[in-house]
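Peer 1: quick one, what's the 3D model for this:
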Amino acid sequence: GLRSPLHSTLRLGGRWAIEATPELNGTIRIEREGGDLYAVEHDAPVREDLALGLQEFVVDARFNDDALAARAHWRATLAGDGEIVAAVGAADDGPLTRDAPATFAASVRMPSLAPIQPWLGTSAVVAGNLRLDLAGRGTLANLPLSGTIGGDALRVDAPSWGRGTQRLWFFVTLVGKSHT
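Peer 2: Take a look at the predicted model:
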């Protein structure tokens, strides 16, 4: 098998109180207590300069009569800041079913692309920053996404392909499209 490109010393703690009477009601909270995640290059030792610098990581979820509202947010020196908010309504056939109404929003700011380098291997080296803002509304089975993805101060070096570029930028606008 393949080795994961992440090494972890991350310690998480949590608390929850969930009832099924018969609807789901209650809360869940998971948060970082310490440690970090490290991007690991293929078969290389863990390097401190590839620590994501995770300072805060929290996931909160609340069930209310089978409907779910959840929020995850993180703050990290290398991996940046982000927030994901999701809601899933109760459906006629029970909680969290394919036809349940759903909304989703994500906002991510990465000041460095170094954390994704291990996924690229050694054939190319990337640098720069990334921002992502996405939102969706639909059902769990069909949740079209809209938003933007952008990057700047990008540099891509791929010597094996005879390519090297720097000072690139990109901006992509996604318009929600239904997929079933």
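Peer 1: A helix includes residue 160, no?
Peer 2: Yes. Residue 160 forms part of a helix when assessed by DSSP: H, G, I helix; E, B strand; the rest coil.
Peer 1: where along the protein do the strands fall?
Peer 2: 6-8, 11-20, 24-34, 37-39, 54-64, 67-76, 80-88, 101-110, 125-139, 145-158, 163-174 (DSSP state E).
Peer 1: partner strands of the longest one, with direction?
Peer 2: Going back to what we said before, that points to strand 125-139. Sheet partners assigned to strand 125-139 using DSSP bridges are listed as strand 101-110 (antiparallel), strand 145-158 (antiparallel).
Peer 1: and that strand, what's buried?
Peer 2: Of the residues in strand 125-139, those buried under the neighbour-count criterion (16 or more other CB atoms under 10 Å) are 125-126, 128-132, 134-136, 138-139. Any C-beta I mention is one placed from the backbone N, CA and C, and that applies to glycine too.
Peer 1: and among the strands of the chain, the most buried is which?
Peer 2: Burial of the strands of the chain is given as mean neighbour count (mean count of other CB atoms under 10 Å); strand 37-39 ranks first at a mean of 22.
Peer 1: what comes into contact with that one?
Peer 2: With CB atoms under 8 Å, 6 or more residues apart in numbering as the test, strand 37-39 has contacts from 5-10, 46-48, 50-52, 54, 79, 114-118.
Peer 1: buried ones among those residues?
Peer 2: Those of the contacts of strand 37-39 that meet the buried threshold are 5, 7, 10, 50-52, 54, 79, 114-115, 117-118, by 16+ other CB under 10 Å.
Peer 1: farthest-separated two in those?
Peer 2: Across these, the two members that end up farthest from each other (CB to CB) are 10 and 117, 19.4 Å apart.
Peer 1: now the strands paired with strand 125-139 as TSV including distance to residue 59 and mean pLDDT?
Peer 2: Conversion of the strands paired with strand 125-139 to TSV gives the following (distance: least, CB to CB, whole Å; pLDDT from 0 to 100):
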stretch	distance to residue 59	mean pLDDT
strand 101-110	14	96
strand 145-158	21	86
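Peer 1: output those as JSON lines; include the columns distance to residue 27.
Peer 2: Output for the strands paired with strand 125-139, formatted as JSON lines (distance: least, CB to CB, whole Å):
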{"stretch": "strand 101-110", "distance to residue 27": "19"}
{"stretch": "strand 145-158", "distance to residue 27": "27"}
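Peer 1: out of the ones you listed, flag the one nearest residue 61.
Peer 2: Taking CB to CB, strand 101-110 is the member of the strands paired with strand 125-139 nearest to residue 61, at 13.8 Å.
Peer 1: sounds good, over and out.
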